[in-house]
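Q: Next input, structure requested:
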Amino acid sequence: MNEWEWNLLEDKAPLPAFERDGVAIGVGDRVRLQPRKCGDAIDVFLAGKIATVEAIEQDYENQIHVAVVVDEDPGRDLGLARQPGHRFFFVPDEIELVEKCTPGAAPDPAAPKILVAGIGNIFCGDDAFGVEVIKRLDPARFPDQVKIVDFGIRGFDLAAALGDGYEVAIFVDACPRGAAPGTLHVIEPDLTAADGELTQEPEGGPHGLDPLNVIRLARLMGPTPSRILVVGCDPETLGGDEGAMGLSAAVAAAADGAVPLLESLVARLSRREAIDSDRSDNAQRMER
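A: So this is what the prediction gives:
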């Protein structure tokens, strides 16, 4: 099933898990793909690959469809952001459980500390995207070494938190990139852009929060995370001169969709080999 066919499914209902051979498989779990022998060339290529379950949905005919992101896909972050071409779809009997995502389990001393930071101004319409996503996250579904915080527009507090020994930080924020309102993105910004001098007032005025300015301030205080990612969403409105409370319909729906995206992203980043693999991929891309 391709992305276009997936979007044609009507009345899709998200499911937390499904069962195969009496074993529950849920969002964030790692699985081995076992496509049917009658599949196409993509199925042949994906056979035996390890992937992460990104979403589970049931259509109006009660058929279960499982969206996965392949671990070794260089564009896996795009898949976690639900972008076409990097998500693949299977039925339950084509998937075998490899590793359970176990939120709340005892922390792995080798696992990286991760900060998930919600950013946004609740009086500026869709700028509150990051704040609203944080409200939707259940800390019990994340490993203990992951801290989830709504920073709002408190830039100094966020800068201080970045120096608290985190190896990875994920900013959740409204992010205009020219796509349709509600489009989600996973971005790894070029941190050399934060090498400039600290400005006196964040971009966007006294009630805004400029992430680059926050990183500059954090670096003045001490060590900062070696990786910073952004889970962003294209806004529909930032409230205009009068401001506005509440998200637009498109961005509110995206905030719901950002929850499984963050769960899957954190599940991957919590594995040390994934951090090292991503760094290697990034280095190779920079060399090219």
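
Q: need the contact list for residue 245.
A: Going by CB atoms under 8 Å, 6 or more residues apart in numbering, residue 245 touches 122, 123, 125. C-beta coordinates here come from the backbone N, C-alpha and C atoms, glycine included.

Q: would you say the first one is within a strand?
A: No. Counting by DSSP: H, G, I helix; E, B strand; the rest coil, residue 122 is not part of a strand but coil.

Q: Return the distance of the closest residue to it other than its chain neighbours relative to residue 174.
A: Sequence neighbours aside, residue 128 is the residue nearest to residue 122 in space, at 4.4 Å (criterion: CB to CB, 6 or more residues apart in numbering). Residue 128 is 8 Å from residue 174, where distance means CB to CB, to the nearest Å.

Q: For these two, list the residues in contact with both.
A: By CB under 8 Å, 6+ apart, the residues touching both residue 128 and residue 174 are residue 120.

Q: of those two, who's got more company?
A: residue 128 (28 against 24; other CB atoms under 10 Å).

Q: State the distance from the nearest residue to residue 237 once chain neighbours are set aside to residue 185.
A: Nearest-residue entry for residue 237: residue 125, 4.5 Å, with adjacent residues in sequence omitted and distances by CB to CB, 6+ apart. From residue 125 across to residue 185, the span is 18 Å (CB to CB).

Q: which residues touch residue 43?
A: For residue 43, the contacting residues are 35, 36, by CB under 8 Å, 6+ apart.

Q: Could I get the phi/psi values of it?
A: Residue 43 adopts backbone torsions of phi -60, psi -40, taken as degrees, to the nearest 10.

Q: repeat for residue 262
A: Residue torsions, per degrees, to the nearest 10, at residue 262 are phi -70, psi -40.

Q: tell me the contacts of it?
A: Per CB under 8 Å, 6+ apart, neighbours of residue 262: 116, 133, 137, 170, 172, 231.

Q: Now intersect these with the helices, please.
A: Among these, the members found in helices (DSSP state H) are residue 133.

Q: any idea which of the contacts of residue 262 is least confident?
A: Taking the contacts of residue 262 together, the minimum pLDDT is found at residue 137 (91).

Q: what number of residues lie near the nearest residue to that one once chain neighbours are set aside?
A: Nearest-residue entry for residue 137: residue 148, 5.4 Å, with adjacent residues in sequence omitted and distances by CB to CB, 6+ apart. When neighbours are counted by other CB under 10 Å, residue 148 registers 20.

Q: what do you get for residue 64?
A: For residue 64, the neighbour count with other CB under 10 Å is 15.

Q: backbone phi and psi for it, please?
A: Backbone torsions of residue 64, given as degrees, to the nearest 10, read phi -90, psi 130.

Q: Pretty sure it sits against residue 17.
A: No. Using CB atoms under 8 Å, residue 64 is not in contact with residue 17, being 10.2 Å away.

Q: joint contacts of those two?
A: Once CB under 8 Å, 6+ apart is applied, the residues that residue 64 and residue 17 both contact turn out to be residue 56.

Q: can you tell me which strand in this protein is longest?
A: For the chain, the longest strand by residue count, based on DSSP state E, is strand 50-58.

Q: What residues of that strand count as buried?
A: Going by neighbour count (16 or more other CB atoms under 10 Å), the buried part of strand 50-58 is 51, 52, 53, 54, 55, 56, 57, 58.

Q: How about stretch 150-166?
A: Residues of stretch 150-166 classed as buried: 150, 151, 152, 153, 155, 158, 159, 161, 162, 163, 166 (neighbour count, 16+ other CB under 10 Å).

Q: Counting neighbours, which of the contacts of residue 245 comes out on top?
A: Highest count within the contacts of residue 245 by other CB under 10 Å belongs to residue 125, 23 neighbours.
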